[in-house]
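Q: Below: sequence and its predicted model.
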Amino acid sequence: MKHPSKLVNVNDQVECIVLNVLPQERRISLACGKLASNPWDSLHDKFPVGTQVEGRVRNMTDSARLSRLKTASMAGARQQPELD
């Protein structure tokens with residue numbers, strides 16, 4: 001996670017969820033990313049089974065190739081038998 005000062009500035013307005021409050025320590029934990037929709041919820045609408053997509057291989061193992069999809073901020077894996 002990046003330091004908050006890299007993401008927001010003093011006096012910026014943000015929408016967040018309160019995760020925890022520690023009055024003794026004068027600390028509050030917030031989550032701003034939890035307000036965004038989960039991209040996995042609409043994945044089947046954007047990429048129905050059989051859809052061909054472009055991606056970039058990010059990692060290879062003996063059993064799979066891990067790729068990041070070009071049109072979405074998502075990654076996927078292809079098992080080795082599917083590549084032969």
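A: That came through, no problem. Numbering: from 1, shown residues only.

Q: What about Arg65, how many residues nearby?
A: Residues contacting Arg65 under the criterion other Cβ atoms under 10 Å number 17. Using the backbone N, CA and C atoms, a C-beta is placed for each residue, glycine as well.

Q: my read is His44 is in a helix, agree?
A: Yes - per DSSP: H, G, I helix; E, B strand; the rest coil, His44 lies within a helix segment.

Q: What is the burial count for it?
A: His44 has 10 nearby residues by other Cβ under 10 Å.

Q: pLDDT weak spots in this protein?
A: Within the chain, the stretches with pLDDT under 70 are 1, 70-73, 80-84.

Q: and if we set it to 80?
A: Where the chain drops to pLDDT under 80, the residues are 1-4, 33-40, 43, 55, 63-84.

Q: Start from the N-terminal end of it and give the strands.
A: 17-22, 27-31, 55-60, 64-69, 75-79 (DSSP state E).

Q: and the first one, how far from the chain's centre?
A: The gap between the average C-alpha position of strand 17-22 and the chain average comes to 22 Å, counting by Cα atoms, centre = their mean, to the nearest Å.

Q: So what angle separates the directions of it and strand 27-31?
A: Here strand 17-22 runs at an angle of 160 degrees relative to strand 27-31 (axes from the mean of the first three to the mean of the last three Cα atoms, to 10 degrees).

Q: Likewise for the last one?
A: In terms of direction (the same axes, to 10 degrees), strand 75-79 departs from strand 27-31 by 60 degrees.

Q: Count residues in the vicinity of Ser67, would you?
A: Counted with other Cβ under 10 Å, Ser67 comes out at 19.

Q: That one: what's it in contact with?
A: The contact partners of Ser67, by Cβ atoms under 8 Å, 6 or more residues apart in numbering, come to Gly55, Arg56, Val57, Arg58, Ala75, Gly76, Ala77, Arg78.
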